Each structure stands twice: as C-alpha cells, then as structure tokens.
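Asks: Give me coordinates for this.
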Amino acid sequence: MLAPAIRFLFALLGVVAGYQVADWARKTGLLPDLGHWGDIGVVVTMAVVGFAAGYGIGALLAWLVRKGLDHVDEALARSSGPEVLVAAGGVVLGLGIAALVSLAVVRIPYVGVYLLLPLFLLSGYFTAYLAAKKHVEILRLIGVRGAFEASAGMTPPKIVDSSAIIDGRIVDVIKTGFVEGEIAVPRFVVEELQRLADSSDPEKRVRGRRGLDFVRRLQNHCGQVSIEDKDYTDLDAVDAKLVRLGGEIGGMILTTDYTLKKVAEIQGVKVLNVNDLADSVKPAVLPGEVIEVKIIREGREQDQGVGYLDDGTMIVVEAGASLVGSRVEAEVTSVLQSPSGKMIFGRLVR
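Replies: Below is the predicted model:
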C-alpha cells in the first residue's frame, strides 16, 4: 500500500513541476508565441513529462523505502531498548537540523521546495544511524547508562577478549543471534591484537592480523558492537583489565581461555567460554558406538593411533599406529571430558 502511494505522490509532484516549468518558460519568453492552444499544448506536454519523471522517481524511491523497511525490521530484531530509544532521539535531532537548513534550501529558485523531502529523510536517517552506533557513549555521556543496565531484564554486555576474537568462532555464534545484548571490544584488547600483528614472530603476526580482521567482521555484521575506551593504567595484564572492566560494568567475558574463566569466576565476574559452548553442542558419543576415522599420527603410548572427528574431537585408537594415513572403523571404549575439551578412546573393529 505504501509503494503505490509514493508513486502517486511523486507523479503528482511531477505534474505540478512540469506545469511550473512551462509557465516559467512562457513568462520569460523562452518559448515563441504559439497562441492560446499552443501554450496549452506546451503545458500539457510538460505536465506529461513531469508525470512520467515523477512516477519513475517515485517507483525508485518506493523500492528504496521497501528495502529500507526490511532493513529496519532486521535492525530492530537485533537492537536493544536503549539503542532504539537513542536512535529515536537521533531522528528528532536530525529533523530539527533539517528544519533549520530548510530555511536556506527553500529559497533556491524552482527546485528548493522539492529538496525539502530528501533533506528531512536523509538528515533523520543519518542522525539516527550515528546515534544507534554510539548509543553506549551517548547514554554514558548523559549519565543514564547505569539506570538502563540496572533495569529489570536488561541483558548484560558481553566483553570479548583477544583469545575469543582470534579463535573466530564467536563471530558466527553472534551472527546466529544466540548471544544477546551489546558486544564490547575493549580498546586495550584491540591494542594487544595490534602488538601481535606488528610482532617479528610470524606466528604471532598471523594471529594478530586474524584477530583484527575478526574485529572488523564483528563491527560490520553483528549489530551492537562498540569499542570500549575505558582502560586501567595501574594494571599491566590484559586479563586483569578484562576482569575489572567486567566487574565495573556488570558485563560477561567472552573467552576461550580456561585460566581467565577461573580467575574471573573467583572474582564474581560471569564468563561465557566458547569451548564450553562447542562441547555442549557436539553430538553425544557413547561407549560401544562405531566411528569411522582417519588415523593422522601415532599416539604417545605404544601402538596408539590418533585421529580427529569432523568437529575437531580427538580420538585415540588402540593398535592404530601402523595404520597412519588410513581410514578405519573404531569402537568407542570410553570418553574423557577435560577442561580443554573431549577425548575419545576406541579400539579397532576387526
């Protein structure tokens, strides 16, 4: 219903604009004297041209509006209440700015009045976009962020550490929508990744650049992502800074570091460990089940072979050392769950 209305409105504006252009051309003498019927013909022609141009512009704008509304629906699904509220304030501010600018724009001959609608639309959109992107800083600046965070049902922010960023899996987890709320990347974590990226050690350099790439992917594809500027100059260790930041803002630390998880939990800061999530969604493997696996290398113990399942779980196969490079069937004998992950033990099926 909205699209036909937009096309009709712009077609009507095109007719009015065509009439005004024809009338201006006639009054200024740009057109020769064609007589009464000739002048009417020129006006009708310009009105038809204006109708066609307005209808085309209206169709294009209707398509853009429809795409924009789809984008708004997706953004609202990913946005928190404070973010929507700040964005609404940005719209109001943008319309106020457009109203002031319109006082000068409307004085532009002939086309000034037609520029007002795009001016208001673009101004409102850009201020709302900027307000939504910087809603955390805006709420903190006006001193009401704490009130929002203390409100019932408010999802605590998730603070991402360097190990989770370099690991990369958290980007896909956040994109699926399983992690709610604001994603905060501390600036001191970004600086740590930059130090790694500038390291003379090739392995560290690759890890640092990989982490910086994932930070950019988080910002581009995961909605509520902000760079947290707070730092603690009295602390040197990044893990200690993460724990203090989590305690101060009531956030949860996203990590793959088992030691950081234990230290944070001791100090009362909640932690989401990506490895725990990965272990929880792995298919259950029970003793007696037969698994096909490729033996990659020899194990630590005599005559053991080691392989990996598709999800990365290690499987140790008895009497598999002589079958390195071959795919075998192994019967599960036991499953060991450790803090670093799951390990499966099995024996060859004869």
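
Asks: can you give me the helices in the stretch 201-350 of the chain?
Replies: Per DSSP state H, counting those that start in this stretch, the stretch 201-350 of the chain carries helices over the ranges 202-221, 238-249, 258-266, 274-281.

Asks: any low-confidence regions in the stretch 151-300 of the chain?
Replies: For the stretch 151-300 of the chain, the stretches with pLDDT under 70 are 151-154, 222-223, 283.

Asks: Okay, angle between whichever strand in the chain runs longest and helix 274-281 too, please.
Replies: When the chain is parsed with DSSP state E, its longest strand is strand 327-338. Inter-element angle recorded for strand 327-338 and helix 274-281: 120 degrees (by axes from the mean of the first three to the mean of the last three C-alpha atoms, to 10 degrees).

Asks: Buried residues of strand 327-338, list them for me.
Replies: Within strand 327-338, the residues scored as buried using 16 or more other C-beta atoms under 10 Å are 328, 330-332, 335. Every residue, glycine included, has its C-beta placed from N, CA and C.

Asks: ok, and what's touching it?
Replies: With C-beta atoms under 8 Å, 6 or more residues apart in numbering as the test, strand 327-338 has contacts from 279, 285-295, 305, 315, 317-318, 320, 342-349.

Asks: Now do it against helix 258-266, angle only.
Replies: Counting by the same axes, to 10 degrees, strand 327-338 points 30 degrees away from the direction of helix 258-266.

Asks: So what pairs up with the closest residue in space to residue 307 that isn't next to it in sequence in the strands?
Replies: Using C-beta to C-beta, 6 or more residues apart in numbering and skipping the chain neighbours, the partner closest in space to residue 307 is residue 293 (3.9 Å). Judged by DSSP bridges, the bridge partners of residue 293 are residue 328.

Asks: Count residues in the vicinity of residue 293, would you?
Replies: Applying other C-beta atoms under 10 Å, we find 23 residues neighbouring residue 293.

Asks: picking that back up, give me the mean pLDDT for the longest strand of the chain.
Replies: The average pLDDT within strand 327-338 is 86.

Asks: How about stretch 71-83?
Replies: On average, stretch 71-83 scores 65.

Asks: Since that was my last question, I'll sign off now.
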